[in-house]
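Asker: Make a model of this:
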Amino acid sequence: MTETSRMKVEIWSDVVCPFCYIGKRKLEAALAGWPQRDRIEVIWKSFQLAPDTRTDPTRNSVQNLAEKKGWTLEQTWQVVASVAERARAEGLTFNYEATKVANTFDAHRLEHFAASRGRGDEMTERLFKAYFVDGRDIGDHRTLAALAVEIGLPDADVEAMLASDEYADDVQRDIGEAARFGINAVPCFVLDRRYAVSGAQDSAALRQALQQALSEREGPPDPGTSRSPAGAVCDTSGDCG
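Answerer: Take a look at the predicted model:
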């Protein structure tokens, strides 16, 4: 099967969004063992929940969220504890205390670079884990370079890319596409540029949507994208980062 004949599943996400990490696991569960798996091409697209965020490794995401929302730390911990429980159901252990507030623009550039080398999904996975589990500073170029080397990308090439503005246009293009499509919540799974499933939906629901999109590929394309009834679980206020 050629690449052009495969259905593209484009996922707009941010690597500091917990629901995006949870959604990744749910998509993997939906695709595991599915006979149609080889007809799907997964593409990660850039989205920034809080583009104005300044990287500050002295603060964690709980402190950041409390300050933005005007909540007490106790209230905020209750909110993130609920999210962490959802993550545990997918085999993920979030370490919110160790998270480090970071601007994700360069991390998204690194995702695009990795994708150009056939390592896009691996890079996205490593960035999620670095932020939510390992407490790494994903706004720091040295950290990003080290993470890229861990998945097998050449150190010198990564460092040269990070020192430039390479792939910045790709990140901005993804963000612009999200705005044109009306995507204001992540994760957002866009299937064949026909349908959009918003939020970390159950794997069964994702598989059903994938099957429907595949079965309708031969019909005339719809303009833009159309949302499923599924509601968003994470919005552009950056509440999940």
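Asker: For T93, which non-adjacent residue is spatially closest?
Answerer: Excluding the flanking residues, the one nearest T93 by C-beta to C-beta, 6 or more residues apart in numbering is V133, at 6.3 Å. The way it works is simple: take the backbone N, C-alpha and C, and place the C-beta from them, glycine included.
Asker: Check A98 too.
Answerer: In space, and not counting its chain neighbours, A98 is closest to G135: 2.8 Å by C-beta to C-beta, 6+ apart.
Asker: quick one: V15 from A107, how far?
Answerer: Separation of V15 from A107 (C-beta to C-beta, to the nearest Å): 5 Å.
Asker: Could you do A81 as well?
Answerer: To A107, A81 is 25 Å away according to C-beta to C-beta.
Asker: who has more neighbours, those two?
Answerer: A107 (26 against 12; other C-beta atoms under 10 Å).
Asker: wait, isn't that one in contact with H141?
Answerer: No - applying C-beta atoms under 8 Å, one finds A107 not in contact with H141, separated by 10.3 Å.
Asker: shared neighbours of V15 and A107, which are they?
Answerer: Common contact partners of V15 and A107 (C-beta atoms under 8 Å, 6 or more residues apart in numbering): 127, 138.
Asker: In contact with the residue nearest to A98, which residues are there?
Answerer: Going by C-beta under 8 Å, 6+ apart, the list of residues near G135 reads 95, 97-100.
Asker: Check R207 too.
Answerer: By C-beta under 8 Å, 6+ apart, the residues touching R207 are 30-31, 34.
Asker: could those be laid out in TSV, adding distance to L153?
Answerer: Formatted as TSV, these follow (distance: C-beta to C-beta, whole Å):
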residue	distance to L153
A30	28
L31	24
W34	29
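Asker: So which of these is the closest to T72?
Answerer: A30 (37.6 Å; C-beta to C-beta).
Asker: Report the separation between that closest one and L49.
Answerer: Separation of A30 from L49 (C-beta to C-beta) stands at 24 Å.
Asker: Is P51 in a helix, a strand, or coil?
Answerer: coil (DSSP: H, G, I helix; E, B strand; the rest coil).
Asker: circling back: give me the pLDDT for the residue nearest to T93.
Answerer: Looking at V133, its pLDDT stands at 98.
Asker: Same question for R217.
Answerer: Looking at R217, its pLDDT stands at 80.
Asker: Provide a list of residue ranges in the protein with pLDDT below threshold.
Answerer: 1-4, 218-241 (pLDDT under 70).
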